Every structure is written in structure tokens, then in C-alpha cells.
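Engineer: return a 3D structure for these sequence lines:
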Amino acid sequence: QLQLVESGGGSVQAGGSLKLACVASGGAFDAYYMGWFRQAPGKERELIAQITWSGESTYYHNSVKGRFTISRDNIKKMVYLQMNSLKPEDTAVYYCYADLGGGGFWGQGTQVTVSS
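Structural biologist: Numbers count the residues shown, from 1 in each chain. Next comes the predicted model:
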């Protein structure tokens, strides 16, 4: 079983940047696709970025494409989300997710607040 802990959230002004980090423990990190989801108040949780086992392929939701970058370090068992040009609509709780296909593990979430 994989345990995930996110960090790096906070409050920034629009146009600013944050880098989220997620550290994994307790399992074979490189066996999982890794993703970042977010959930804004009153909205469903949505996948915004995903990266394959070796990092050779990534996916981005249209709303973050060109602004966010997902990356991973399998030796350190870390996945990152670099967020640039932040907008107020990016305000949400951000969750790290380890995807084994048909199931996975969630982190506890980290709050990102973007003010205009």
C-alpha cells in the first residue's frame, strides 16, 4: 500500500507560481501512473495532470495546459506540479493520486488559494 503526502500549497496572487510536491512511501512508486487532481468548493474532483511510470508521457486538462507541468523522480519517490500564471479559478484543494489502473491511493490534499 502506498502512502502519499502533499506539500507546497499556499496563497498567491494571480500571475504567481507555486510548486506542489508529493512524496510516496510504502510501495513500488514506479509501478504507478501519478496524477494531480483538484477540487474547488461545490465542484467535483477533476484530473488536471498525469504522468506515466517513466515520465515519458503526460496529460494535462485544457484549463492548465501551458501553465502547469507535472514531473516525477522515481528515485526520490516524488511527483511535482509546477504551477505558473496562476488564476483565481485555480483555487482548490490539490490531491496527489497514485493510479494502478482500476484503483489507487490518495494523498490528504493541499490548499491552493489564488487571489485577484
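
Engineer: distance of residue 82 relative to residue 52?
Structural biologist: Distance, residue 82 to residue 52, using CB to CB, to the nearest Å: 18 Å. C-beta here means a position set from N, CA and C on the backbone, and glycine is covered the same way.

Engineer: just residue 27 next, same as before
Structural biologist: Residue 27 is 17 Å from residue 52, by CB to CB.

Engineer: show residues contacting the worst-scoring helix or strand of the chain on mean pLDDT.
Structural biologist: One helix or strand of the chain scores below all others by mean pLDDT, DSSP states H and E: strand 104-106, with a mean of 94. Here strand 104-106 makes contact (CB atoms under 8 Å, 6 or more residues apart in numbering) with 1-4, 27, 32, 95-98.

Engineer: same check, this time on stretch 40-47
Structural biologist: By CB under 8 Å, 6+ apart, the list of residues contacting stretch 40-47 reads 35-39, 59, 61, 89, 91-93, 95, 97.

Engineer: kindly recompute the last result at 6 Å.
Structural biologist: When contacts are defined by CB atoms under 6 Å, 6 or more residues apart in numbering, stretch 40-47 is touched by residues 35, 37, 39, 92.

Engineer: go ahead and build a PyMOL selection from the buried members of those.
Structural biologist: Those of these that count as buried under 16 or more other CB atoms under 10 Å are selected in PyMOL with:
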select buried, resi 35+37+92
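
Engineer: got the contacts of stretch 40-47 as JSON lines, with distance to residue 12, pLDDT and secondary structure columns?
Structural biologist: JSON lines is the format used below for those (distance: CB to CB, whole Å; pLDDT from 0 to 100; DSSP: H, G, I helix; E, B strand; the rest coil):
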{"residue": "35", "distance to residue 12": "22", "pLDDT": "97", "secondary structure": "strand"}
{"residue": "37", "distance to residue 12": "20", "pLDDT": "98", "secondary structure": "strand"}
{"residue": "39", "distance to residue 12": "18", "pLDDT": "98", "secondary structure": "strand"}
{"residue": "92", "distance to residue 12": "13", "pLDDT": "98", "secondary structure": "strand"}
